[in-house]
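Engineer: quick check, what structure comes out for this input:
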Amino acid sequence: MRKFLIIIILCLVSLFLYGKYIEVNQLKVNYLEIKGNVPDSFKDLKIVHFSDILYAKDTKKLDKLVNKINKEKADIIIFSGDLFKKGVKYTEEDYNNLRNAFKSLKASLYKIAIYGDNDYDEEKKYQDLLFDANFKLLDDSNMLLFYKDNTPINIIGLNDVTKIDELLNTEIPVNYNLVITHKPDNFINLENKGINTVLSGHSLGGIINIPYVGGIIKTEGAKTYLNAYYNINDKELFITNGIGFNKIDFRLFNSPSFNVYHFS
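Structural biologist: Purely as a prediction, here's the structure:
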């Protein structure tokens, strides 16, 4: 019995050390297909989606992220919020590091971002940084994206879900609506709307991911939806695990990652 207990303790310690010092420093790329009824002209469009940097003054991780994203040669890059981390006091050097990193990201068409809940604390800095880096900030607003022909899709950056109806009402009729929203539980209020696909972050994949169970640590705004993928009534929700961490630098079976999408 004592030997068995020692083995259990050693296993738990090993898992803790792995999660704190190894997995949290990984960076994984997830290649995924969006199955919605997208116009034929978008079938070879490539989207990179990342979220939740929660910058903790680690420029090596930031450089690694930029290099890995640029290797994907994306047509569109989407950042779904939480560049900043609560409780961290940033200097001008920090802002410049982030600005230069976002400037260095390359997309053949557009770079798009929305607010995360942490970004409102640094709202002016966030706006200026994105502007300098040539990102289009969708703050409860939308844009029509044309690609190869005159049939657009509607891309919506959404925080206030009560505004979804007006953002679905476009001057040019569209058959495909892609929503970017920071908190995945907003999907609850979108299921019965005329949307096709939702991209989100915020949940950090539940921090600890148990096989066949999923993420187990829930946060406000990601209590119902926190895992990588959901399909409800043919509406798809993709949640990226994010890059950073909140209170402690720890992840288990849930590496920092970003998503790369193709339309099937």
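
Engineer: mean confidence score for stretch 212-227?
Structural biologist: In this model, stretch 212-227 has a mean pLDDT of 94.

Engineer: just the CA trace of that stretch, in CSV.
Structural biologist: The C-alpha trace of stretch 212-227 is given here as CSV (Å, rounded to 0.1, in the frame of the first residue of the first chain):
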residue,chain,number,x,y,z
TYR,A,212,-13.0,12.1,-23.4
VAL,A,213,-14.1,14.6,-20.8
GLY,A,214,-12.6,17.9,-22.1
GLY,A,215,-11.6,21.0,-20.2
ILE,A,216,-12.4,21.0,-16.5
ILE,A,217,-11.7,24.5,-15.2
LYS,A,218,-14.5,26.9,-16.3
THR,A,219,-14.5,30.6,-16.3
GLU,A,220,-17.2,33.2,-16.6
GLY,A,221,-18.2,33.5,-20.2
ALA,A,222,-17.0,29.9,-21.0
LYS,A,223,-19.0,27.8,-18.6
THR,A,224,-21.2,26.1,-21.2
TYR,A,225,-18.8,26.1,-24.1
LEU,A,226,-15.1,25.7,-23.4
ASN,A,227,-13.8,22.9,-25.6
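
Engineer: longest helix of this protein?
Structural biologist: Ranked by residue count and defined by DSSP state H, the top helix of the chain is helix 2-21.

Engineer: residues making contact with it?
Structural biologist: Outside helix 2-21, the residues that touch it by CB atoms under 8 Å, 6 or more residues apart in numbering are 208, 248-252. C-beta coordinates here come from the backbone N, C-alpha and C atoms, glycine included.

Engineer: need the CA coordinates for that helix. CSV is fine.
Structural biologist: Written as CSV, here are the backbone C-alpha positions of helix 2-21 (Å, rounded to 0.1, in the frame of the first residue of the first chain):
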residue,chain,number,x,y,z
ARG,A,2,2.8,2.4,0.9
LYS,A,3,4.6,1.6,-2.4
PHE,A,4,1.4,2.2,-4.3
LEU,A,5,0.9,5.6,-2.6
ILE,A,6,4.4,6.6,-3.4
ILE,A,7,3.8,5.8,-7.1
ILE,A,8,0.6,7.9,-7.1
ILE,A,9,2.4,10.9,-5.4
LEU,A,10,5.3,10.6,-8.0
CYS,A,11,2.8,10.5,-10.8
LEU,A,12,1.0,13.6,-9.5
VAL,A,13,4.3,15.5,-9.0
SER,A,14,5.4,14.5,-12.5
LEU,A,15,2.1,15.8,-14.0
PHE,A,16,2.4,19.0,-12.2
LEU,A,17,6.0,19.6,-13.3
TYR,A,18,5.1,18.7,-16.9
GLY,A,19,2.1,21.1,-16.9
LYS,A,20,4.0,23.9,-15.4
TYR,A,21,7.4,23.7,-17.1
